[in-house]
Structure formats: structure tokens, C-alpha cells
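[1] sequence first, predicted model second:
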Amino acid sequence: MAGETDFRSQSRYNRFGLNVYPHPFFDPSNWYIPPTIKELYRWCGYLFLTNPVIGPIVRKKAAYVVTDLIYETDNADTEKTYKDLLEKTLKIKEFEIEMLLDYEVYGNAYCSLVYPFERYLVCPFCKYENLLKNTEWTYEGGQFRAKCGNCQAKTAMEPKDKPIRNRSSVRLIRWFPQYIDVRYNVLTGATDYILRIPRWLKTRMENPKINKVYVRDTPKEFLDAIRENNNILFDQSNIFSLKHESISMEDSSIGIPPILGVFKEVWLWQTYKRGQEAIALDHALPMTLLSPMPAPGAPSPHMSSDLNTWQGKMQSIIEKWRRDQNSLFTTPYPIQVSQIRGDANALSLHNDMEQSRTQIAGGMDVPPDFLYGNLTWTGGNVSLRVLENLLINRLARINSFLEDWLIPNLRRFFRLPKIKVRHSDFKMADDIQQKQVALNLRATNTVSDQTVLEELGFDYAKEQERKKREFDDRIREMEKNQIAQADIQAKTAWIQAQSQMQIQDWQTRYAQAAGMPVPGQPPAQPGQPGAAGQPGQPGMVPPNGANTPGAPAAPGSVSPLGSPITGMVPPEPPRLLPYPTENAVQMSSTGILSPETVELMATHFMKTTPPDQLQTKLYFMKQSEPALAAAIERRVKTIQDSSSIFEPLPEQKPPRRGPGKAVI
């Protein structure tokens with residue numbers, strides 16, 4: 001336009017060699033500012049990949065805010081479904097870091113969902129649908145060519161994509177901002193996103209030798225756009241945009257890259273770096289010079305000698321010395337050694353570069369120590385709080401990406417149940433002193449539990465729910481312990497009671513058998529069974545006829561109190577029965593004994609009853625305790641059967657030879 005000055009067409013030097021700038025805010029770096037937003041994207045990507053300050057800062061800002069996912073649902077199956085889909089299939093945390101990298105570098109980030117589908121090739125003659133993955137095909141000239149599996153015709157076929165609900169095949173795709181055109185209505189805020197398919201991708205898809213890997217998974221809409229040389233207009237529901245915040249401008253359709261603010265400082269830092277490289281090349285190592293020096297009072301060597309010969313001699317000496325450092329050499333003249341350069345430390349630009357590095361970090365909204373990871377809470381709590389608020393804003397954006405766009409689209413396509421997924425709260429640093437103050441205030445009941453838990457980074461509602469579950473678990477555990485203790489006490493009491501009953505029964509039987517008073521019962525009156533001069537209890541005949549008062553006791557017997565009773569063998573003490581089970585037949589209120597008790601008493605009876613009294617006692621026992629009598633009879637029969645196989649011993653002794661008599 002006439003009247004306007006084109007600064008790019010003018011030299012920044014006048015005819016006198018002096019720097020002349022057309023504006024006070026103009027500097028040499030302005031000559032290299034990218035003229036278009038697409039060119040700006042290229043330079044932003046280049047600086048991110050090559051600059052040792054911008055790259056690490058952007059990576060830390062992107063990765064630091066991506067925290068663990070929280071699934072707010074009570075259904076374990078629903079949580080597992082979404083966890084597998086987001087973390088295993090989509091790898092959502094890695095994808096969010098990549099999205100934030102685009103956001104921090106380009107100022108814009110775009111992504112879409114590629115839903116799974118199966119492609120069929122429809123035969124134009126018989127309309128048979130051939131599954132692409134089971135068919136030999138080629139893609140040439142924008143058409144699929146294959147042999148029909150039904151009519152065997154080899155022809156161009158029409159592709160047909162059928163969506164399938166295979167959760168393992170869904171994918172998230174990032175779009176290069178340089179390929180995205182944004183149409184923005186400043187009056188209504190309506191925005192359309194258009195994808196310009198790059199020329200290199202078109203070339204590869206049109207090459208039949210290499211295009212299979214590109215064509216087989218590409219949706220049909222993209223293939224049609226490439227064949228017709230058109231662009232792609234995104235559906236509003238299938239594109240998500242992150243736009244860096246900026247001031248209002250004439251065109252607010254895109255976000256301004258945050259790196260743009262440090263372009264001038266990066267240019268200065270790069271100038272320092274070029275100077276540092278030149279210093280390292282020319283001044284790091286000193287250069288050594290050798291020259292002949294005349295002896296005192298002698299003429300200069302160049303007046304009487306050929307210096308070219310001397311130079312060749314010196315170079316030969318140096319080569320030999322490098323091969324053998326112990327060699328000895330002679331020279332006709334003294335040698336003078338001089339060194340130049342080697343002054344790189346004095347010319348170093350490290351301090352200027354460090355200052356420029358600090359300004360670059362500040363221009364990217366982070367403290368300088370954030371780059372090296374040595375930032376502490378006590379040393380910069382104000383700057384840390386500012387950085388924390390900045391990163392919390394980034395976390396809110398990726399939570400919006402999850403809750404408002406990704407989860408609803410996945411639910412709608414795969415027909416999944418409703419759920420809320422978010423990232424755990426972001427905490428910049430652990431303020432130990434602040435947390436200790438909160439704990440002390442809670443100890444004095446000054447602040448609530450919720451305030452302390454939130455200060456420590458915990459969810460109060462979730463912790464209350466967990467405490468309730470833990471309380472219920474402890475109650476159930478206490479119930480189990482008390483039931484177990486009561487069961488042990490019941491078993492112990494049962495064993496003690498049965499033991500006492502068997503001991504009393506044993507003492508009673510022993511006393512009745514010995515004709516003595518039963519322990520714990522009053523003495524029998526005359527005329528009653530068991531009284532003096534009266535027969536004892538039926539079935540309990542004392543051994544050796546000791547059934548009347550005053551009768552001598554059998555030798556070897558023992559009283560119920562442990563004193564020896566002559567003529568009587570004491571019964572074996574009873575053994576305890578096991579704790580009752582469901583299948584065991586226990587002693588009832590009618591006095592029926594269990595089989596184990598019967599066997600024990602039968603064994604005891606056989607050991608303590610003399611053979612001559614066995615039948616008499618069995619006779620009376622059949623009337624009172626038939627089960628015990630039957631068990632004793634079985635024992636007796638078993639003993640008799642086992643003894644019948646042996647021959648009886650001779651009743652008479654063999655004749656003996658007397659003294660002095662010979663046997664003829």
C-alpha cells in the first residue's frame with residue numbers, strides 16, 4: 001500500500017555503517033518474527049525440540065499436572081470397564097500429556113475419536129459384501145479392486161464401513177495445528193474446524209505399492225476427500241479443542257503460542273550461544289609457536305643459517321617426540337616458546353547466557369529453579385503459589401476434556417453406564433509446617449476434621465465412607481472373635497461337665513461294687529438295698545462276695561479316695577469323650593450312652609471283673625444296661641474265639657526223676 005514503509009526491504013545499516021532502527025521498540029530480532037501463524041507453528045516446534053530451556057520447561061508443565069484417575073461409582077464392573085477402556089486401550093494419561101505439549105508449544109491442541117469399524121467391499125453386480133480383511137485387494141486411482149467371493153467378478157468395488165462396538169479398537173487422534181483451519185464467527189462465537197489433508201499423505205495414499213497400511217484403516221470420508229481433492233469439515237461432536245488464553249484480538253479463532261513471548265530472548269540467547277561456540281573453537285586451546293633465539297653476543301640465526309632447514313628439523317623433532325617422549329634432541333640455537341589464545345575463560349559468556357535463561361523461564365510463567373527441580377517451599381512460597389494456580393488451571397482443562405467430551409462420546413457409542421471420571425486433586429508441594437499447624441488445631445478441637453483432611457489433600461466424604469466400612473469390618477471381626485471365644489468356653493464347660501459326670505459315675509459304681517456308701521448320698525436305711533445285711537444294687541456284685549457290711553475287702557483293691565482295699569482291683573479311670581458333633585450319639589436325658597462310652601465301660605468291665613463272677617454280673621447288667629451287656633458279651637465271645645485255636649495246657653505235671661534213680 002502506498003505510503004507504508006516496508007521494513008523488511010530496508011537494511012538496518014545506513015551508508016555510514018551505523019545501526020538505524022525505524023522504531024524505538026524495533027530490534028534485530030524483529031527481522032526474524034514469522035509472518036504467518038502457520039510459520040509461527042514451525043518455529044515453535046523447532047524451539048521446543050532444540051532449545052535446552054524451552055523443551056524441559058514445557059515437558060514439566062505438561063506432565064506435572066496429569067494425576068491419577070478417580071472413578072466415582074459404586075459398581076465394581078462399571079469401574080473395571082472404564083478403567084480398561086481409558087488406561088489400557090486409550091492410554092489416557094500419556095495422551096493428555098501429549099495434548100498439553102501441543103497446548104504449551106502451539107497454543108492450540110486438537111483431537112478426535114476414531115471409532116472402530118469393519119470395511120466391506122460391495123460387488124456392483126451381485127451386491128455381495130466381501131469383508132476387506134478376508135479379501136485380496138488393491139487401492140488404485142481412488143478405487144478398491146478385488147475379486148468377488150460370490151460371483152468371482154474382478155472389478156472395482158464400493159467400500160462400505162459398518163461400525164462395531166469393539167472397545168479395544170477405539171483410538172484417540174491428535175491433529176497437527178498447522179493442518180487445521182478455524183472459521184470463527186466473532187458475532188456468535190460459532191466455530192468450524194477444517195482439516196487440510198497434507199500433500200505428502202495424499203501422495204502416499206495414491207501409491208499402490210505402499211498405500212495398504214494407510215488405506216485399510218482410514219475412514220471412507222477421508223478417502224473420498226483425498227480422491228476428490230477436498231478438505232474435511234469436522235463434526236462438532238467429534239473434535240475437542242484446547243485454546244491458550246489470550247487477549248481479545250481481531251481474530252480470536254486460535255490461541256497464541258505462549259512461546260511467542262520469549263522469541264526475542266531466545267534470539268539473544270542464541271546469539272550468546274554462537275559467540276560461546278566461536279570462543280570455544282578459537283580460544284579454548286592455546287597455540288604454541290617455536291622460534292630460534294640468538295645466543296648472547298652472537299649474530300641472529302637468520303643471518304648465518306637457512307631457517308627453512310631449521311624449521312624442517314624442528315618439525316621432525318616434534319614428530320619423533322610424539323612417538324617417543326623419552327627421546328633426546330639437540331638444536332644449534334636456543335629455542336623460544338610462545339603461546340597465543342587459550343583465554344576462553346576470560347571471554348566466556350556464561351553469565352550472560354544464565355541471565356538470558358532466567359528471563360526465558362520467567363517469560364514462560366515458571367520460576368527459574370523449576371527448570372532444574374531444586375525449587376523449595378520455604379524459599380519461594382509466593383512464586384510457588386502462582387505456579388500452583390497456573391497448573392491447577394491446566395488440570396481443570398483436562399478434567400473438562402474427560403467429563404464433558406470423552407466420557408459422553410464413549411458412553412453414547414458403546415452404550416456404557418453412567419460414571420464420573422476425574423483426575424485427583426493437584427498439590428504443588430508439601431507444606432509441612434502448615435500441615436502440622438492444622439493437626440495441632442484439630443487436637444485442640446479448633447478446626448473441623450474436614451478442614452484438616454482437605455489441607456492434607458484427602459477427600460472428606462470418601463474418608464467418612466471408608467471409616468464407616470472399616471467400622472463395620474471391625475464389628476464383624478469382633479463378633480467372630482466373641483463367637484469363637486464363646487464356642488471355646490462352651491467346649492471347655494462341656495468337657496469339664498462330662499468329665500465330672502463320668503468321675504461321679506465311676507465313683508458310684510465303685511462304691512456300690514465294694515458295698516460302701518455312695519459319695520454324695522445319705523447312707524441307706526435298714527431294709528433298703530445297699531444297707532447292712534441287705535443285698536446291693538442289682539447288677540453290682542462286689543468281687544469275692546464283698547457285698548455285705550463287715551465282709552473282708554479283696555486284697556489289692558483301692559477305695560474311692562485312693563486308700564488300698566485288700567483283694568480288689570481298682571477300675572481304670574474314665575477317659576473324656578470328644579466334644580459333641582452333629583453325627584455323634586450323645587447321652588440323652590433318659591440315660592442312653594454313646595457308643596464310645598459303651599466301649600470304654602466294656603473294656604473297663606473286662607479288666608476289673610474276675611472270670612468266675614463274669615456271668616453273674618452280666619445277668620444283672622442285661623436288665624439295667626442292655627447295651628453295655630451286649631458290648632461285654634461281644635468282647636467275651638471275641639476272646640473265647642481267639643483262645644480256642646490254642647491247645648490247653650496239660651493238667652498233670654510230667655514224672656520227675658528222683659535222686660539216685662535211673663531211668664530205664
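    That came through fine. Numbering: from 1, shown residues only.
[2] break the chain into its domains for me.
    Per automatic domain parsing, the domain ranges recorded for the chain read 430-518+531-576, 583-638.
[3] list the contacts of the spatially most central residue of the chain.
    Computing the C-alpha centroid of the chain and ranking residues by CA atoms, centre = their mean puts residue 68 first, at 11.0 Å. The neighbours of residue 68, taking CB atoms under 8 Å, 6 or more residues apart in numbering as the test, are 423-424. Every C-beta, even on glycine, is put in place using the N, C-alpha and C of the backbone.
[4] and the pLDDT for it?
    Predicted confidence (pLDDT) for residue 68: 86.
[5] for the one 4 residues further on, same thing?
    Per-residue confidence (pLDDT) for residue 72: 87.
[6] thinking it is in contact with residue 420, fair?
    Yes - with contact defined as CB atoms under 8 Å, residue 72 reaches residue 420; the gap is 4.3 Å.
[7] what's the burial count for the residue nearest to residue 204 when sequence neighbours are not counted?
    Spatial nearest neighbour of residue 204, chain neighbours left out: residue 214 (5.7 Å); criterion: CB to CB, 6 or more residues apart in numbering. Around residue 214 there are 17 other residues, counting by other CB atoms under 10 Å.
[8] tell me the SS of residue 214?
    helix (DSSP: H, G, I helix; E, B strand; the rest coil).
[9] export the longest strand along the chain to CSV, keeping only CA atoms.
    Using DSSP state E to define each element, the chain has its longest strand at strand 154-163. The C-alpha trace of strand 154-163 is given here as CSV (Å, rounded to 0.1, in the frame of the first residue of the first chain):
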residue,chain,number,x,y,z
LYS,A,154,-12.8,-58.9,-10.7
THR,A,155,-13.9,-55.3,-10.7
ALA,A,156,-13.9,-52.0,-8.8
MET,A,157,-15.9,-52.3,-5.6
GLU,A,158,-17.7,-49.8,-3.4
PRO,A,159,-16.4,-49.6,0.1
LYS,A,160,-18.9,-49.7,3.0
ASP,A,161,-17.9,-49.1,6.6
LYS,A,162,-20.0,-50.7,9.3
PRO,A,163,-19.4,-49.5,12.9
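[10] so which elements touch it?
    Applying 3 or more CB pairs under 8 Å, 6 or more residues apart in numbering; DSSP states H and E, one finds that strand 154-163 contacts strand 117-122, strand 143-147, helix 220-227.
[11] at 6 Å what do you get?
    Judged by 3 or more CB pairs under 6 Å, 6 or more residues apart in numbering; DSSP states H and E, the packing partners of strand 154-163 are strand 117-122, strand 143-147.
[12] contacts made by the following helix or strand past the first one with the rest, please.
    Meaning strand 117-122. Downstream of strand 117-122, the next assigned helix or strand under DSSP states H and E is strand 129-131. Under the criterion CB atoms under 6 Å, 6 or more residues apart in numbering, residues 120-122, 149 lie in contact with strand 129-131.
[13] for the residues you listed, which one is nearest residue 167?
    Here the nearest of the contacts of strand 129-131 to residue 167, counting by CB to CB, is residue 120; it sits at 21.3 Å.
[14] over to stretch 279-298 now: how far is its first residue from its last?
    This stretch, stretch 279-298, spans 41 Å end to end (CA to CA, to the nearest Å).
[15] can you check the pLDDT for residue 402?
    Confidence score, pLDDT, at residue 402: 94.
[16] so what's the gap between the strand or helix carrying residue 471 and the chain middle?
    Using DSSP H and E, residue 471 maps to helix 460-514. Averaging C-alpha positions (CA atoms, centre = their mean, to the nearest Å) puts helix 460-514 42 Å from its chain's average.
[17] over to stretch 257-271?
    41 Å.
[18] list the buried ones in that stretch?
    257-260, 262-271 (16 or more other CB atoms under 10 Å).
[19] who's in contact with it?
    Residues contacting stretch 257-271 (CB under 6 Å, 6+ apart): 29, 44, 106-107, 356, 359-360, 363.
[20] give me the mean pLDDT for it.
    Averaging pLDDT along stretch 257-271 gives 89.
[21] can you check stretch 468-476 too?
    Mean predicted lDDT for stretch 468-476 stands at 89.
[22] keeping just the C-alphas, turn that stretch into PDB.
    The C-alpha coordinates for stretch 468-476 follow below in PDB (Å, rounded to 0.1, in the frame of the first residue of the first chain):
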ATOM      1  CA  LYS A 468     -17.800 -46.500  58.100                       C
ATOM      2  CA  ARG A 469     -16.800 -49.500  56.100                       C
ATOM      3  CA  GLU A 470     -13.800 -50.100  58.400                       C
ATOM      4  CA  PHE A 471     -16.100 -49.700  61.400                       C
ATOM      5  CA  ASP A 472     -18.400 -52.400  60.100                       C
ATOM      6  CA  ASP A 473     -15.500 -54.700  59.300                       C
ATOM      7  CA  ARG A 474     -14.200 -54.300  62.900                       C
ATOM      8  CA  ILE A 475     -17.700 -55.000  64.300                       C
ATOM      9  CA  ARG A 476     -17.900 -58.200  62.200                       C
END
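[23] can you check the pLDDT for residue 462?
    pLDDT at residue 462 comes out at 79.
[24] and if you look at residue 276?
    The predicted local confidence for residue 276 is 90.
[25] what about the closest residue to it other than its chain neighbours, neighbour count?
    Distances taken as CB to CB, 6+ apart put residue 349 closest to residue 276, at 5.0 Å, once the chain neighbours are dropped. Using other CB under 10 Å, residue 349 is surrounded by 16 other residues.
[26] what's the answer for the one 10 residues further on, then?
    Using other CB under 10 Å, residue 359 is surrounded by 18 other residues.
[27] identify the spatial nearest neighbour of it, chain neighbours not counted.
    Nearest to residue 359 is residue 265, by CB to CB, 6+ apart, at 5.0 Å.
[28] separation between that neighbour and residue 78?
    50 Å (CB to CB, to the nearest Å).
[29] now swap in residue 61 and tell me
    33 Å.
[30] with residue 35 instead?
    Going from residue 35 to residue 78 by CB to CB gives 52 Å.
[31] can you check residue 165 too?
    From residue 165 to residue 78 the distance is 16 Å (CB to CB).
[32] the residue lying closest to residue 134 once chain neighbours are set aside: how many residues sit nearby?
    In space, and not counting its chain neighbours, residue 134 is closest to residue 149: 7.9 Å by CB to CB, 6+ apart. Residues lying near residue 149 (other CB under 10 Å) number 15.
[33] equivalent analysis for residue 369, please.
    Around residue 369 there are 16 residues (other CB under 10 Å).
[34] tell me the pLDDT at it?
    72.
[35] show me where pLDDT drops low in the stretch 51-200 of the chain?
    For the stretch 51-200 of the chain, applying pLDDT under 70 flags no range at all.
[36] strands along the stretch 51-200 of the chain, start to end?
    Per DSSP state E, counting those that start in this stretch, the stretch 51-200 of the chain has strands spanning 69-72, 108-114, 117-122, 129-131, 137-140, 143-147, 154-163, 171-175, 180-184, 191-195. These are given in chain order.
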